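Novice: 3D model of this:
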Amino acid sequence: MKKSKWYIYIVIVALALSGCANRGSGPQGGPKDTVPPSLLRETPLNGTCNFKGKTVVLQFDEYVQLDNVSENVLISPPQQTPPTVKALGKKVSITFEEDLLDSTTYTIDFGRAICDNNEKIPLYNYSFSFATGDYIDTLAMFGKVINAENLNPVQGVIVGVHENLDDSAFATMPFTRIAKTDTTGQFGVLNMRGGNYRIYALRDVSKDYVYQTSEALAFTDEVFSPTLACDSDSAWYHVPDTIVLRLFKENKQRHYFVRALRDKEQHFFTLLFSAPQTELPVIVTLPPDSTQQDSLWVDFTQHSLCQANPTKDTIVYWLTDSTAIRMDTIRFLMTYKMSDSLYQLVDTTDTVQAIYRHPRMSQKAIEAKRRKDMNRKIELKSNASMKFDIYRSIELYTAAPVKEYVTDSIHLFEKVDTLLQPVAFTFEPIDSTGMRYAVRAAIQPEHRYVLQVDSGGLHDIYGITNNAYKAEYKLRSLDEYSTLTIRLTHYDPRARIQVLDEKDKVLRELPAQETGAVFRYLEAKSFYVRLYIDADGNGEWTTGDWALKRQPEPVYYYSKKLTLRANWEFEEEFDHLATPILEQKPRALIQVDTGKKK
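Specialist: Modelled structure (predicted):
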């Protein structure tokens, strides 16, 4: 009997310990729900005619919630006052706030707005239609929106049609009917009546279904008549893309002055503008204000160097006079180009202050800074490396503008074993302020070179000189490179051919030639090719312009990846007109364009 009791006790303890060690083996709540809500009832029924109410109610088999209604729910014809869309328990209601149009078919596309309440599984591609007249319009237009510059599919833009065929309708009237592109750029404008329409794409930032300057757009000169019938099972997602719209952003930016910066050094200040400028601003120095002594004032425009980036939207003024440098506040009148309400550039004059605020420093820190400034030297850098491309020139960079340099203090040598043999070269400034220089010479592949600058050879505008500088580099072997020749089947003298890397970035660009565009000294790796038709001859891709009814310049991709081998010459025939535009871009390069900056 005692033995039996001990046996039962041991079994119970073992079972208890097993339960503690396997807590995760008990009930886990069942498999994860992956099924979207199921629609049970529609009030009124989908496809109802002669609808006179203002509210649609949908009944589901489970509790539901709504996700991002403003982005996911699309109503056509578009509503200037959005309807009220609510989820309560197992029901979703849509109440229109505007009077409904007579004899019109309405379509509510819910996108992925309706989700189950637990796992937020969306009910995809559900749309509801009703008519305020005697019948439901059933025609449709289908297509795809792509980025005009890189042919990527564009997601989430409005595609709208106008029965009014005047160009002015796009910028003055809401669309007649609308759709939105999916993740592949596809769209379907559904429940249309017969007739002729113009079609547009619009990244509708203002959400008014009317084109506003600065919004990305696409248009076509063609007039379309809907012929394909839409059905209730969303089969339009599988129909051919009969319309292609190339979305572009006009080269129209708000031009305005952003601010003046003088927060790091007293020796210069920076002017920042919102967009590229065609010309430098005109500046007139103002006398000091009441907080500044006359003895610490000078007309800095007579004692400064102007350094502008290529687009002239960032401009640095290097002060060369000690009095100007000591001025805590520099005041001036600045006349520049600013956009008016119609994006026209007009002359504008502002009073600007560039203020330097001294950092709080202890006396010890001030003394340390003074000693550092006394011993300051010009900082030199270069682009030299031990795998230097043979088509490049060595460049030397300085941190401040150079006023003068001693030619004999700059040397270029070829390194042969341990010996340095002088090489003839030219030393040329490649910017307007003397902060970048090119060292040009007849140099040979696989040879080593040494660039030397003697101590004190350069003097900047503040009288500071340099320490001795040395940079060694070696040119790559010709055997490491490939040559690629691209010949056009249909030669167009306006074409410009681009070699791209595997991230769709332009590495090289050449004008097309009848004998072929020859890209030399390419690395032995994979590339892609595209071209654009440089219709205006400015040597760069030009976007479209709605006011001028000008389309963006056409872009074409070579549909294959090119894998180059070292020390080989490759020739490729590019028939840019042979493949439909939607099938050209290699799949590996395609990225969905959501309009968001990366």
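Novice: and the helices in the stretch 251-400 of the chain, which stretches?
Specialist: 322-326, 363-374 (DSSP state H, counting those that start in this stretch).
Novice: a markdown table for these, including distance to residue 298, mean neighbour count and mean pLDDT?
Specialist: For glycine as for every other residue, the C-beta is placed from the backbone atoms N, C-alpha and C. Putting those into a markdown table (distance: least, Cβ to Cβ, whole Å; neighbours: other Cβ atoms under 10 Å; pLDDT from 0 to 100) gives the following:
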| stretch | distance to residue 298 | mean neighbour count | mean pLDDT |
| --- | --- | --- | --- |
| helix 322-326 | 4 | 16 | 85 |
| helix 363-374 | 21 | 10 | 76 |
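Novice: got these as CSV, with distance to residue 111 columns?
Specialist: CSV is the format used below for the helices of the stretch 251-400 of the chain (distance: least, Cβ to Cβ, whole Å):
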stretch, distance to residue 111
helix 322-326, 60
helix 363-374, 60
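Novice: and those: which comes nearest residue 531?
Specialist: Of all the helices of the stretch 251-400 of the chain, the one in closest proximity to residue 531, counting by Cβ to Cβ, is helix 322-326 (50.7 Å).
Novice: how many neighbours does residue 176 have?
Specialist: Residue 176 has 22 neighbours, counted by other Cβ atoms under 10 Å.
Novice: give me the below-cutoff pLDDT ranges for the stretch 1-150 of the chain.
Specialist: By pLDDT under 70, the low-scoring segments of the stretch 1-150 of the chain are 1-33.
Novice: so what's residue 90 closest to, chain neighbours aside?
Specialist: residue 60 (4.9 Å; Cβ to Cβ, 6 or more residues apart in numbering).
Novice: tally of neighbours for the one you found?
Specialist: Counted by other Cβ under 10 Å, the residues lying close to residue 60 total 21.
Novice: which residue ranges make up each domain of the protein?
Specialist: 39-131, 139-247, 257-355, 380-476, 479-589 (automatic domain parsing).
Novice: now the ones you listed as CSV including distance to residue 365?
Specialist: Listed next are the domains of the chain as CSV, based on distance: least, Cβ to Cβ, whole Å:
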stretch, distance to residue 365
domain 39-131, 52
domain 139-247, 48
domain 257-355, 16
domain 380-476, 21
domain 479-589, 44
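Novice: one step back: so which of the helices of the stretch 251-400 of the chain gets nearest residue 392?
Specialist: Short answer: helix 363-374, nearest of the helices of the stretch 251-400 of the chain by Cβ to Cβ, at 34.7 Å.
Novice: just the CA coordinates for that closest one, please, in PDB.
Specialist: The C-alpha coordinates for helix 363-374 follow below in PDB (Å, rounded to 0.1, in the frame of the first residue of the first chain):
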ATOM      1  CA  GLN A 363      39.400  82.000 -21.000                       C
ATOM      2  CA  LYS A 364      41.500  78.800 -21.300                       C
ATOM      3  CA  ALA A 365      39.600  77.700 -24.400                       C
ATOM      4  CA  ILE A 366      39.900  81.200 -25.900                       C
ATOM      5  CA  GLU A 367      43.700  81.100 -25.500                       C
ATOM      6  CA  ALA A 368      43.900  77.600 -26.900                       C
ATOM      7  CA  LYS A 369      41.900  78.700 -30.000                       C
ATOM      8  CA  ARG A 370      44.200  81.800 -30.400                       C
ATOM      9  CA  ARG A 371      47.300  79.600 -30.400                       C
ATOM     10  CA  LYS A 372      45.600  77.200 -32.900                       C
ATOM     11  CA  ASP A 373      44.700  80.000 -35.200                       C
ATOM     12  CA  MET A 374      48.300  81.300 -35.000                       C
END
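Novice: which strands and helices sit next to that helix?
Specialist: With contacts taken as 3 or more Cβ pairs under 8 Å, 6 or more residues apart in numbering; DSSP states H and E, helix 363-374 sits against no other helix or strand.
Novice: excluding its backbone neighbours, what's nearest residue 514?
Specialist: Per Cβ to Cβ, 6+ apart, closest to residue 514 is residue 491, 5.4 Å.
Novice: name the nearest residue to residue 509, ignoring sequence neighbours.
Specialist: The nearest residue in space to residue 509 (Cβ to Cβ, 6+ apart) is residue 498, at 4.8 Å.
Novice: isn't the one you found right next to residue 511, touching?
Specialist: No. With contacts counted by Cβ atoms under 8 Å, residue 498 stays clear of residue 511, the gap being 10.9 Å.
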